[in-house]
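Student: would you be able to build a 3D model of this:
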Amino acid sequence: MKNYLKNTAMLNYEARKIIDLIQAKNWNALDEYDKIGAIFDYVQNNILLGYNKYDDLTATEVLSDGMGQCNTKATLLMTLLRAVGIPCRLHGSKVTKDFQRSLMPKIMAMLAPPLIVHTWAEVYYNGEWFSLEGVITDRNYISGLQKMFPDHQGKFFDYAVAVQDFSHLQIDWKGKNTTVQQLAVVEDLGLFDTPDNFYAVYRQEYRGLKKMMYETVGRKIMTRAVAKIRRSDRISTK
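Tutor: Purely as a prediction, here's the structure:
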């Protein structure tokens, strides 16, 4: 299990910012199940769904951004879990871009590669590995989506959500797998001890002008679209 508890350049849990956060939240006083739950809840709902400039940010950089998507939230989640002695690992994959189509400006949808690098953290608990992918979408965002689609049941494949049953989401830690984008996975890239190792091999397939457009314009438009949906619980959708 030592490999699943390592401090790394990206999983920088020895940084003062990480240490101070853990002390402020008093997570070390909790039992193992509640440590996972409290940290999961923090990353899910305090680090709002949004699109960072880079995937390979360190945990402290994600904290500074105050938002994250699948890859950056996985890094922060793993860092905080390891900091309190909970083993975890990274699962890599590629997903189709189509499940985010309504968040993407049309030009970005055209320029984006068909497959996008996607990761999630897995936690070792009670002798088993569990997916923590459900951490990606904060509850207020999901609430906004549910108000937009109040009668939707079954498969949902848009707005950064890709699930079989939209009316029974598994996005909260209850000692079981959590998931919110699994239906979009088209290629499994395997398991990695750290995100550092993963990003040494896999990168998004953006290059040149496409990369610049995403970093400077596209991600900001997508983040604003997410924020608008998050606010929709205060706005009539009729």
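
Student: next structured bit after the longest strand along the chain?
Tutor: In the chain, assigned by DSSP state E, the strand with the most residues is strand 115-125. Next in sequence after strand 115-125, counting helices and strands by DSSP states H and E, comes strand 128-131.

Student: contact partners for the residue nearest the centre of the chain?
Tutor: In the chain, the C-alpha nearest the mean C-alpha coordinate belongs to residue 70, at 2.7 Å (CA atoms, centre = their mean). If a contact means CB atoms under 8 Å, 6 or more residues apart in numbering, then residue 70 has 118-120, 133, 136, 181 as its contacts. All C-beta spots, glycine's among them, are computed from the backbone N, C-alpha and C.

Student: again, 7 Å this time
Tutor: With contact taken as CB atoms under 7 Å, 6 or more residues apart in numbering, residue 70 is in contact with 118-120, 136, 181.

Student: just checking, what packs against the longest strand of the chain?
Tutor: Other helices and strands packing on strand 115-125, by 3 or more CB pairs under 7 Å, 6 or more residues apart in numbering; DSSP states H and E, are helix 32-45, helix 70-83, strand 88-96, strand 128-131, strand 185-192.

Student: okay, these, which one's buried deepest?
Tutor: Mean neighbour count, computed with mean count of other CB atoms under 10 Å, is highest for helix 70-83 among the helices and strands packed on strand 115-125, reaching a mean of 27.

Student: how about that helix as CSV, C-alpha atoms only?
Tutor: Included here for helix 70-83 are C-alpha records, laid out as CSV according to Å, rounded to 0.1, in the frame of the first residue of the first chain:
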residue,chain,number,x,y,z
CYS,A,70,-12.6,15.2,-13.7
ASN,A,71,-8.8,15.2,-13.9
THR,A,72,-8.0,18.1,-11.5
LYS,A,73,-10.6,17.0,-8.9
ALA,A,74,-9.1,13.5,-9.0
THR,A,75,-5.7,15.0,-8.1
LEU,A,76,-7.0,17.0,-5.2
LEU,A,77,-9.2,14.2,-3.9
MET,A,78,-6.2,11.8,-4.0
THR,A,79,-4.0,14.3,-2.2
LEU,A,80,-6.3,14.9,0.6
LEU,A,81,-7.1,11.2,1.1
ARG,A,82,-3.4,10.3,1.2
ALA,A,83,-2.7,13.1,3.6
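
Student: re earlier: pull the CA atoms of the longest strand of the chain into CSV?
Tutor: Taking Å, rounded to 0.1, in the frame of the first residue of the first chain, the C-alpha atoms of strand 115-125 are listed here in CSV:
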residue,chain,number,x,y,z
LEU,A,115,-11.8,11.5,-27.5
ILE,A,116,-10.9,13.3,-24.3
VAL,A,117,-8.6,12.1,-21.5
HIS,A,118,-10.6,11.3,-18.4
THR,A,119,-9.6,10.1,-15.0
TRP,A,120,-11.1,9.4,-11.6
ALA,A,121,-9.8,8.4,-8.2
GLU,A,122,-10.3,5.0,-6.6
VAL,A,123,-10.2,4.5,-2.9
TYR,A,124,-9.2,1.4,-0.9
TYR,A,125,-11.7,0.8,1.8
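
Student: what average pLDDT does that strand get?
Tutor: Averaging the model's pLDDT scores along strand 115-125 yields 97.

Student: neighbouring strands for that strand, and are they parallel or not?
Tutor: On the basis of DSSP bridges, the sheet neighbours of strand 115-125 come out as strand 88-96 (antiparallel), strand 128-131 (antiparallel).

Student: what sits up against that strand?
Tutor: Judged by CB under 7 Å, 6+ apart, the contacts made with strand 115-125 from elsewhere in the structure are 4, 32, 36, 55, 70-71, 74, 77-78, 81, 86-97, 129-133, 175, 181, 185-187, 195, 198, 202-204.
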